[in-house]
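Chemist: Got a predicted model here, sequence first, then my questions.
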Amino acid sequence: MNVEVTGPSILFSLPILGGIDVTQTLISSAVVTVLLCVSFVLLGKGLTKRPGGKQVLVEKGIGMLYDMTIQTMGEHNARWFPFICTLFLSSIFGSLIGMTGFLRSSTADLSTTLTWAVMVSVIIWYNNIKANGFLGWLKGFTEPVVVMTPMNLVSEVAQPVSMAFRHFGNVAGGGVITSILYTALSMLSAIILNAIASSGIAVSIVVMVLAVGLLVWNSRDKKTWRLIVGILFALLGVFGLLQALDIVSGVPVLALGIPAVLSLYFDIFSGFVQALVFTLLTMVYVAGSCPEPEEAAA
Amino acid sequence: MELAQGIAILGKALGAGLCMGIGAIGPAIGEGNAVSHALEGMARQPEATSNLRTNMILGCAITETTGIYSLLIAFVIMFAL
């Protein structure tokens, strides 16, 4: 079984600044960015005090994100909300855009997630230095005991690496598992269709008769498994007959329904959960480095 | 050379299999623990169900990280080495 697992392919190369390679990821990210910008400009037009249906939905969505931000980061950190919202929406739409057949998910590339993680790390370091001063930040590594310094340094490097790899691994790994499943199912259907076709036309006619029998039985006494097995036998019989007559060969019949159901988990659920986890971890770390401003007692 | 290629494929298969097989034990046990405590909490106080459910999903996603690390290494061994 030969599965081709490759990274994003380079489509062409811009000749400026010593040749910038334009990969599939760049095109997907650009498409996601343009889509988000255009849709938000359109959704933000014509806001009324008595909102119509569309505005209610948008307000509810943005409200949920805003409440989550305030709850996690505290009232004084509300200025981080646009950044958090951008990160979350880029992440989830970057993962979902791989479900259209012709674009590759922009988060299925380590470059995208590592960039975001390093960006968040730099923000955390900058805010730490602004709050505690440069020496105060360095001294923070020696807390609580001085011997903990190497472990604190390692965990400081491990945070963005782990965030990036978690997001990338879930999205890209889901894609690889789906492609392995596709290959396995089409190999299986090729084996079955070859077996049916090489035993002669009679066998495929028998399979089709069985299928019709099962479907008729199902219409009298409805049970789901009879419907599913009946449709399966019908497809196998029809394509076995076509293969025996040498019209088509090697049609991946069994790859019809199962990868779609799995895509519900791998693409939609996993993409949403990973975007949520990335955003929540960002919020927690950034809030940890922006402490509450102490109000001077009057 | 058939023998050398065969040994390479043997190494790849064993490496990837052991890596993912052993790496799948830890996250499964951890997530089972998390879900069991969450279910206990939900049984004790059904009105906190949605709060507990959200936090359980979050905790499971973070616990899954080391399993994803083993999956990535298994893919690198199988397809890029």
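Modeler: Yep, that arrived.

Chemist: Setting the sequence-adjacent residues aside, check what's closest to A:T33.
Modeler: A:S90 (7.4 Å; CB to CB, 6 or more residues apart in numbering or on different chains). Any C-beta I mention is one placed from the backbone N, CA and C, and that applies to glycine too.

Chemist: Is it correct that that neighbour is in contact with A:V32?
Modeler: Yes: applying CB atoms under 8 Å, one finds A:S90 in contact with A:V32, separated by 6.4 Å.

Chemist: can you list contacts of stretch A:111-130?
Modeler: A:25, A:29, A:87, A:91, A:94, A:106-107, A:136-137, A:140, A:159-161, A:163-165, A:167-168, A:278, A:282, A:285-286, A:288-290 (CB atoms under 8 Å, 6 or more residues apart in numbering or on different chains).

Chemist: which residues does A:S29 contact?
Modeler: Counted by CB under 8 Å, 6+ apart, A:S29 has contacts A:S90, A:G94, A:S106, A:T112.

Chemist: Would you check how far apart it and A:V122 are?
Modeler: 20 Å (CB to CB, to the nearest Å).

Chemist: repeat for A:T25
Modeler: 21 Å.

Chemist: Please say which of these two ends up with more neighbours.
Modeler: Taking other CB atoms under 10 Å in any protein chain shown, A:T25 and A:V122 do not tie; A:T25 has more neighbours (22 against 11).

Chemist: Check which residues of the helix or strand harbouring that one are buried.
Modeler: Assigned by DSSP states H and E, A:T25 belongs to helix A:24-43. Neighbour counts over helix A:24-43 (16 or more other CB atoms under 10 Å in any protein chain shown) mark A:Q24, A:T25, A:L26, A:I27, A:S28, A:S29, A:V31, A:V32 as buried.

Chemist: Please name the residues that touch the last one.
Modeler: Meaning A:V32. A:V32 neighbours (CB under 8 Å, 6+ apart): A:S90, A:F93, A:G94, A:I97, A:S106.

Chemist: Try it again at 10 Å.
Modeler: A:89-97, A:103, A:105-107 (CB atoms under 10 Å, 6 or more residues apart in numbering or on different chains).

Chemist: circling back to that earlier point, which helices and strands sit right next to the following helix or strand past the helix holding A:T25?
Modeler: Later in the chain than helix A:24-43, the nearest helix or strand by DSSP H and E is helix A:53-73. Contact partners of helix A:53-73 among helices and strands, from 3 or more CB pairs under 10 Å, 6 or more residues apart in numbering or on different chains; DSSP states H and E: helix A:24-43, helix A:81-96, helix A:270-289.

Chemist: In a markdown table, list those along with mean pLDDT.
Modeler: Listed next are these as a markdown table, based on pLDDT from 0 to 100:
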| stretch | mean pLDDT |
| --- | --- |
| helix A:24-43 | 92 |
| helix A:81-96 | 93 |
| helix A:270-289 | 92 |
